[in-house]
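Student: Task: produce atomic coordinates for the following.
(chains A and B, ligands or ions: 4)
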Amino acid sequence: MTTLLRETLTNSSIYMPTPARIVEVEQFTAVEKWFHLELPSGFTIAHKPGQFVEVSILGIGEAPISICSSPARSNGSFELCVRRVGKLTDALHRLDVGSMIAVRGPFGHGFPIDRFHGKDIIFIAGGLGLAPLRSLITEVLDERGKYGRVALLYGARTPNDFLFPADLAAWADREDVECHVTVDRPSEGWEGPVGVITTLLPKVKFPARNTVVAIVGPPVMYRFVLDELLAAGIAEGNIWLSFERQMKCGVGKCGHCQMHHIYTCQQGPVLSYAEVKNLEEALS
Amino acid sequence: MKILPKHSLKAWVERLRATHRVVAPRETYGQYIFEEIENADDLVLDYHSSVLPPKKYLLPPREDLFAFNAKTMEMSPLIEEIQPTVIMALHTCDLHAITLLDKIQGTGHTDQHYQARRRKTTLVSIECLKPCMDHAFCKSMGTLAVPEGFDVHLTDLGDRYAVEIGSEQGEQLIEGLSLFWEPVEADYDRANQVMAGKWPNFDYRLDCDVTDLPDLLAASQDSALWDEVGDTCLACGQCTKVCPTCYCFDVLDEIDLKLEHGKRVRVWDSCLIEKFAVVAGGHNFRSSQARRLRHRFLRKGKYQYESYGLLGCVGCGRCALSCPAHITPIGLLNTLAQRRRPATEEASSRS
Ligand SMILES: Cc1cc2nc3c(=O)[nH]c(=O)nc-3n(C[C@H](O)[C@H](O)[C@H](O)COP(=O)(O)OP(=O)(O)OC[C@H]3O[C@@H](n4cnc5c(N)ncnc54)[C@H](O)[C@@H]3O)c2cc1C
Ligand code: SF4
Ligand code: SF4
Ligand code: FES
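Tutor: Ligands and ions are numbered 1, 2, ... in the order given. The predicted structure follows:
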């Protein structure tokens, strides 16, 4: 099997992607779709949870998208969950099963899964942040025995904005996962919690010393969640966040993703709070 | 060292032109631009800084990355193999800038497009004996001497050039040519004299030592100066275009009207332009011109040094010359240094 990254890097141009076929599509919300993609036969993506691919639609352009499937389940195929916000994502949303796109990567560093072994884990996802986190959550659940207690906190704007509804239901059913969801604005029939994601934090009582936290969400969320986690005594080096920046190359050359001295595409997108706490441009 | 009598220079260039594209500074309307020369008479070795740096031959303003057929998904890389090229009469600051570009493009995932051009390019530099323009501050930045790994370097000794060879590629440019003489004792003496005489012609322009720059900039994060200067910056991006060490790019697709055949291209981009760091949802992590300007300067004087061990500014002064708002690195850095000084002096007098 050829890994996609090796193919990307041994191409005569690191900027030239590899074709991939859309084999399944699901509309999650008005603006978010899930895509199951298949690589040419003999190819594997071999990603780590939290890594991303540069997705191309030839003639339209390229954008970084996180891989949302578990490494163990992605093989010659992988999954993406995409919000329609602009040029490339609009075009992607218009494609049907059978259409071809192209990808480069996977790029960046994912979550340092080895450092999660034996620890209690809190996953905190805001909105679309559940997509990158899902690759980590499924990885952890696939090897559940390696970890201590596991909790997922997920906040969406409204009950209609939940992503991965089937997964959410399955996780909520498990005895070995504490699942908490909240919405900013309730709709008719919603009986669950209402409020920002930080209101869920008091529900999980994990010993600070043995807990790692993985957070993905919009920039505003990070500040508030961090304050509470630090106040609860979680070590700075045990808090992992994924950063979103404009990315044009994915390989540390175009300069767009720079966050102080860090090229987010290469040294990120996942970084610990300890690494970024002094970088003013990281969090605001 | 070898010696090239000045009257043989043209003959050498003509010999090079037989096998290479020769690019050199040319005068046009009182300014200098690097351009292919079609006649050795066009050669100018004594010039003030060129408008655009020679990086345009290694990282052109617009470059094809690959061609595609959007219907069949066929793709083929477009790595432009250039003809063997000699870039003549580079100032040492520009040579330092290329050393930095080499390092960046070769670190991590190698950029093959850059490498393809670079492999075919030989650099002939020239010793700067007097400042090329008022804005230059190469002596302060430590770029007034040739960096390691140059190809061929010329020093004007009056009626002749001292020729130093720094690489095998350089060696090939003079190999077997009887135009080059062996130096005699007097040539070495003259070369030493010229070198000793040049340094006093240049001023230190930076108020602090170049090795302090990363610290100075680190300490400047919250300086009000960024807002003051940011208010005057027009976000035109001119400074980054003319900078020999700037290399950021944007990527675009171009496609025919049938939406079938197209190319992906990259074009120069600038971190001084507002949309450079905008992400989905409209959030901008460098939301003001002050922050963008600060990023540019910290990148030049701190981040690049941390990532690649080389500073991202070589003191050529082009940005200062071209900035419509008269923002200059020396003005900016010296103000930062001055504003820091009272604080440190106070601290040391207290202790
Ligand atoms: C590591 C990483 C992982 C990501 N993972 C995912 C994922 O899993 N799913 C997902 O949906 N997205 C993800 N994203 C975000 C995604 O890359 C962007 O939404 C995408 O680039 C949008 O591309 P586009 O061509 O559709 O939008 P564009 O047409 O480029 O527009 C995108 C947005 O940028 C803003 N914008 C662009 N230009 C300007 C301007 N001049 N002025 C102001 N605002 C402007 C607008 O807000 C616009 O909505 C990820 C990003 C990163 C960096
Ligand atoms: S920042 Fe200005 S002075 Fe420094 S290398 Fe670039 S153009 Fe020259
Ligand atoms: S050239 Fe001057 S005005 Fe233009 S972007 Fe650069 S600093 Fe700002
Ligand atoms: S995306 Fe180009 S440098 Fe990171």
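Student: Compute the number of surrounding residues for residue 68.
Tutor: Just so you know, I chose chain A. Using other CB atoms under 10 Å in any protein chain shown, the number of residues around A:C68 comes to 27. Every residue, glycine included, has its C-beta placed from N, CA and C.
Student: Actually, chain B is the one I wanted.
Tutor: By other CB under 10 Å, the residues close to B:F68 number 25.
Student: Can you name the residues that contact it?
Tutor: A:L58, A:G59, B:E74, B:M75, B:S76, B:H261, B:G262, B:K263, B:R264 (CB atoms under 8 Å, 6 or more residues apart in numbering or on different chains).
Student: Repeat the analysis, applying 10 Å as the threshold.
Tutor: A:16-17, A:19, A:56, A:58-59, A:102, B:74-76, B:253, B:255, B:260-264 (CB atoms under 10 Å, 6 or more residues apart in numbering or on different chains).
Student: Now that we have the residues you listed, which of them are buried?
Tutor: A:16-17, A:19, A:56, A:58-59, A:102, B:75, B:253, B:255, B:261-264 (16 or more other CB atoms under 10 Å in any protein chain shown).
Student: Out of these, which is nearest to ligand 2?
Tutor: Of all these, B:R264 has the smallest distance to ligand 2: 27.6 Å, by CB to the nearest ligand atom.
Student: That closest one and B:H113 touch, don't they?
Tutor: No - assessed by CB atoms under 10 Å, B:R264 is found out of contact with B:H113, at 11.5 Å.
Student: Quickly list what's touching both of the two.
Tutor: With contacts taken as CB under 10 Å, 6+ apart, B:R264 and B:H113 have A:S13, A:Y15, B:D64, B:L65, B:F66, B:L78 as neighbours in common.
Student: Burial check on residue 280, number of neighbours?
Tutor: Answering for chain A, as no chain was given. With other CB under 10 Å as criterion, A:E280 counts 15.
Student: ah, I was thinking of chain B
Tutor: With other CB under 10 Å as criterion, B:A280 counts 14.
Student: for it, what are its contacts?
Tutor: Contacts for B:A280 (CB under 10 Å, 6+ apart) come out as A:A63, A:R83, A:V85, A:G86, A:T89, A:L128, A:P218, A:E244, A:Q246.
Student: same thing but 8 Å
Tutor: A:R83, A:V85, A:G86, A:E244.
Student: where are the low-confidence patches of chain B?
Tutor: Scanning chain B for pLDDT under 70 picks out B:342-351.
Student: CA atoms only for stretch B:205-223 - export them in CSV, please.
Tutor: Output of stretch B:205-223 as CSV, limited to C-alpha atoms (Å, rounded to 0.1, in the frame of the first residue of the first chain):
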residue,chain,number,x,y,z
ARG,B,205,22.6,52.2,11.0
LEU,B,206,21.0,50.0,13.6
ASP,B,207,21.2,51.4,17.2
CYS,B,208,21.5,47.9,18.7
ASP,B,209,23.6,44.9,17.8
VAL,B,210,22.0,42.7,15.2
THR,B,211,22.2,39.8,17.7
ASP,B,212,19.8,41.7,19.9
LEU,B,213,17.1,42.0,17.3
PRO,B,214,15.2,38.8,18.3
ASP,B,215,15.1,40.0,21.9
LEU,B,216,14.3,43.6,20.9
LEU,B,217,11.4,42.4,18.8
ALA,B,218,10.2,39.9,21.4
ALA,B,219,10.0,42.8,24.0
SER,B,220,8.2,45.0,21.5
GLN,B,221,5.0,42.9,21.3
ASP,B,222,2.9,45.4,23.2
SER,B,223,4.7,48.6,22.0
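Student: near ligand 2 at all, that stretch?
Tutor: No - judged by CB under 6 Å from any ligand atom, stretch B:205-223 stays clear of ligand 2, getting no closer than 10.5 Å.
Student: so how far is A:A214 from the residue nearest to the spatial centre of chain A?
Tutor: The centroid of chain A falls nearest to A:P132 when counting by CA atoms, centre = their mean (1.0 Å). From A:P132 across to A:A214, the span is 9 Å (CB to CB, to the nearest Å).
Student: for the stretch 51-200 of chain A, what spans make up the strands?
Tutor: Under the criterion DSSP state E, counting those that start in this stretch, strands of the stretch 51-200 of chain A are mapped to A:52-57, A:61-66, A:77-83, A:100-107, A:120-126, A:150-156, A:178-183.
Student: For the stretch 251-351 of chain B, which residues are neighbours of ligand 3?
Tutor: So the stretch 251-351 of chain B meets ligand 3 at B:L272, B:C323, B:P324, B:A325, B:I327 (CB under 6 Å from any ligand atom).
Student: Can you select the buried ones among those residues for me in PyMOL?
Tutor: Applied in PyMOL, the following selects the buried portion of these according to 16+ other CB under 10 Å:
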select buried, chain B and resi 272+323+327
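Student: ok, now which ones touch the spatially most central residue of chain B?
Tutor: Central residue of chain B (CA atoms, centre = their mean): B:P244, 2.6 Å from the mean position. Applying CB under 8 Å, 6+ apart to B:P244 gives the contacts B:P53, B:P54, B:K55, B:C93, B:D94, B:A97, B:I98, B:V314, B:C316, B:R318.
Student: any chance of the residues you listed in CSV, with secondary structure too?
Tutor: Formatted as CSV, the contacts of B:P244 follow (DSSP: H, G, I helix; E, B strand; the rest coil):
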residue, secondary structure
B:P53, coil
B:P54, helix
B:K55, helix
B:C93, helix
B:D94, helix
B:A97, helix
B:I98, helix
B:V314, coil
B:C316, coil
B:R318, helix
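Student: Let's have these in TSV, adding neighbour count and distance to ligand 1.
Tutor: TSV is the format used below for the contacts of B:P244 (neighbours: other CB atoms under 10 Å in any protein chain shown; distance: CB to the nearest ligand atom, whole Å):
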residue	neighbour count	distance to ligand 1
B:P53	26	28
B:P54	23	31
B:K55	23	26
B:C93	28	34
B:D94	26	33
B:A97	29	29
B:I98	26	31
B:V314	31	31
B:C316	30	30
B:R318	25	27
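Student: from those residues, which two are the most distant?
Tutor: Greatest spatial distance among these (CB to CB): B:I98 and B:R318, at 14.6 Å.
Student: ok, now how distant is the closest residue to ligand 3 within chain A from A:E24?
Tutor: Nearest residue of chain A to ligand 3: A:G255, at 15.1 Å (CB to the nearest ligand atom). Going from A:G255 to A:E24 by CB to CB gives 36 Å.
Student: Neighbour count for these two, which is higher?
Tutor: Taking neighbours as other CB under 10 Å, A:G255 and A:E24 compare with A:G255 leading, 24 against 12.
Student: Wasn't the more buried one part of a helix?
Tutor: No - A:G255: not assigned to a helix; according to three-state DSSP it is coil.
Student: For it, which residues are in contact?
Tutor: Residues in contact with A:G255 (CB under 8 Å, 6+ apart) are B:Y247, B:C248, B:F249, B:D269, B:C271.
Student: Setting aside sequence neighbours, what's the nearest residue to B:Q304?
Tutor: In this structure, B:Q304 finds its nearest non-sequential neighbour in B:G312, 3.4 Å apart by CB to CB, 6 or more residues apart in numbering or on different chains.
Student: Can you report how many residues neighbour that neighbour?
Tutor: For B:G312, the neighbour count with other CB under 10 Å is 23.
Student: now swap in the one 10 residues further on and tell me
Tutor: Applying other CB under 10 Å, we find 16 other residues in the vicinity of B:S322.
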